[in-house]
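*Asks:* the following comprises the amino acid sequence and a computationally predicted model.
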Amino acid sequence: MGNLYGVIGCPIKHSMSPDIHNDAFKEKHLNGYYHAFHVEPERLKESVQALKILGVKGFNVTIPHKISIIPYLDELDETAKIAGAVNTVINVEGRLIGHNTDGNGYVRSLTKILQKPIQEQKILIIGAGGAARGIYFTLAHQGCSEIDLCNRTVSKAEKLINECPFGHTSKALSLEQAEQQLENYDVIIHTTAVGMHPNVEQKPLSVKHAKRTAVVSDIVYNPIKTSLLQEAEEQGLTIHNGVGMFVHQAALAFTLWTGIEPSIERMTAIVYDKLGGTSC
């Protein structure tokens, strides 16, 4: 079977990571296999130890383990320290080293559709969870100074702002406040699970007050076009779905494990094919 890789999460059955990684191993003629492991939160410590004992070469980490896994790793690299969370682990001679490719993967994906440098954009992030943390800290680290956060619980957004170690000018807003002030933002980034399958009719807020030139981004990739993105598209706004972040973070992880860059285009095509949609 060759080298074993994988992803841990709860739930994990829905993951398309095995599809894109196993195809990349095959396409690059590498002797590797990628498997999805369902890990309950209360069994995380023993599961991580088991992966180490089995000699798993690397694995991804998804909800709800991205922060709680940290105490069970031997080391964190700078990306994981910046994000305060781990989504990729490398086994280096028996030492598990945590990385985070979410933030950089997301920014790489987003910048492809922006008309001006991301550092010049005024940004609103919806949500204050693990995904928001990784994206927020990465944007601030890359020089984006005007980033506001809105969340159902404003105190969580305030806490995240206070924890950010990089220079920034940020305000914490309620969802209602943000909805009324959307005309202030060039980029609106939704980072929660609202609108994810099967709750596809849900959306965190309305974008009817957004400026006509705004970009609306949703990290959810199932469905490809969430209710939030549908509303934005109907208003003529530029939309950006979660497939790009998913693919780019996966590609960065694959390169960390193997030293080889997989095909972004091939990975993207597999995701769209599995979801039954087309690029937007």
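*Replies:* Ah, there it is.

*Asks:* residue contacts, the residue lying closest to H141 once chain neighbours are set aside?
*Replies:* Among residues not flanking H141 along the chain, F166 sits closest, at 5.0 Å (Cβ to Cβ, 6 or more residues apart in numbering). To be clear about C-beta, it is placed using only N, CA and C from the backbone, and glycine gets the same treatment. If you count contacts by Cβ atoms under 8 Å, 6 or more residues apart in numbering, F166 has them with F137, A140, H141.

*Asks:* and the residue nearest the centre of the chain, what are its phi and psi?
*Replies:* What sits nearest the mean C-alpha location of the chain, by Cα atoms, centre = their mean, is D102, with 4.3 Å. Dihedral pair for D102: phi -60, psi -50, per degrees, to the nearest 10.

*Asks:* I figured it was touching H248, is that so?
*Replies:* No. Contact between D102 and H248 fails when scored by Cβ atoms under 8 Å: they sit 9.3 Å apart.

*Asks:* quick one, strands of the stretch 101-250 of the chain?
*Replies:* Counting by DSSP state E, counting those that start in this stretch, one finds strands in the stretch 101-250 of the chain at the ranges 123-126, 147-150, 172-173, 187-190, 215-218, 238-240.

*Asks:* the fourth one pairs with which strands?
*Replies:* When you say that, I think you mean strand 187-190. Sheet pairing of strand 187-190 (DSSP bridges) gives strand 123-126 (parallel), strand 215-218 (parallel).

*Asks:* buried stuff in the last one?
*Replies:* Meaning strand 215-218. V215, V216, S217, D218 (16 or more other Cβ atoms under 10 Å).

*Asks:* which strands and helices sit next to the longest helix anywhere in the chain?
*Replies:* Identified as the longest helix of the chain according to DSSP state H is helix 243-258. Helix 243-258 sits against helix 17-27, strand 58-61, strand 88-92, helix 102-111, helix 264-275, with contacts defined as 3 or more Cβ pairs under 8 Å, 6 or more residues apart in numbering; DSSP states H and E.
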